[in-house]
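**Q** Sequence first, then the predicted structure, then my questions.
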Amino acid sequence: QVQLVESGGGLVQAGDSLTLSCAVSGRTISTYAMGWFRQAPGKEGELVAGISWSGDSRYYADSVKGRFTISRDSAKNTVYLRMNSLKPEDTAIYYCAARKYGGAYYRDHDYRGQGTQVSVSS
């Protein structure tokens, strides 16, 4: 059974930083593209950061470029999202998702977690 479990969300003020973690069990992430999606109320989910299965390319949405950094630790089978200079418009549920042999940018995924809430106050 494959499980992706996110942690690290919370309520912060504008300008603060957070680091989200996604711990994966049941599969090794070394053959999966990993990404962080977010979904705000009334909006569709969007990929904000992705890393290809080989680890040699990354994708960032324009809205987070320069502020967010995705990374992975294969030994811990965990993916991270470092978020700096947070803005109120970053408020959303953030979830991680995996796609077998995917590139850095993808929409469809094989597995996803339940998500963690990030709320940024002004």
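**A** Cool, got the structure. Numbers count the residues shown, from 1 in each chain.
**Q** OK, contacts around residue 30?
**A** 53, 74 (C-beta atoms under 8 Å, 6 or more residues apart in numbering). Placement of C-beta: from N, CA and C, glycine included.
**Q** so what's residue 3 bridging to?
**A** residue 25 (DSSP bridges).
**Q** Could you double-check that it lies in contact with residue 22?
**A** No: using C-beta atoms under 8 Å, residue 3 is not in contact with residue 22, being 10.3 Å away.
**Q** Now for those two: what residues contact both?
**A** Common neighbours of residue 3 and residue 22 (C-beta under 8 Å, 6+ apart) are residue 113.
**Q** So which of the two has more stuff around it?
**A** residue 22 (28 against 12; other C-beta atoms under 10 Å).
**Q** Excluding chain neighbours, what is closest to residue 7?
**A** residue 21 (5.1 Å; C-beta to C-beta, 6 or more residues apart in numbering).
**Q** Tell me the first helix or strand C-terminal of the host helix or strand of that neighbour.
**A** Here residue 21 sits within strand 18-25, counting by DSSP states H and E. Past strand 18-25, further along toward the C-terminus, the next helix or strand under DSSP H and E is strand 32-39.
**Q** Name the residues of that next one that are buried.
**A** Neighbour-count burial for strand 32-39 flags 32, 33, 34, 35, 36, 37, 38 (criterion: 16 or more other C-beta atoms under 10 Å).
**Q** would you turn those into TSV with pLDDT and distance to residue 113?
**A** Conversion of the buried residues of strand 32-39 to TSV gives the following (pLDDT from 0 to 100; distance: C-beta to C-beta, whole Å):
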residue	pLDDT	distance to residue 113
32	96	13
33	97	15
34	98	11
35	98	11
36	98	10
37	98	10
38	98	12
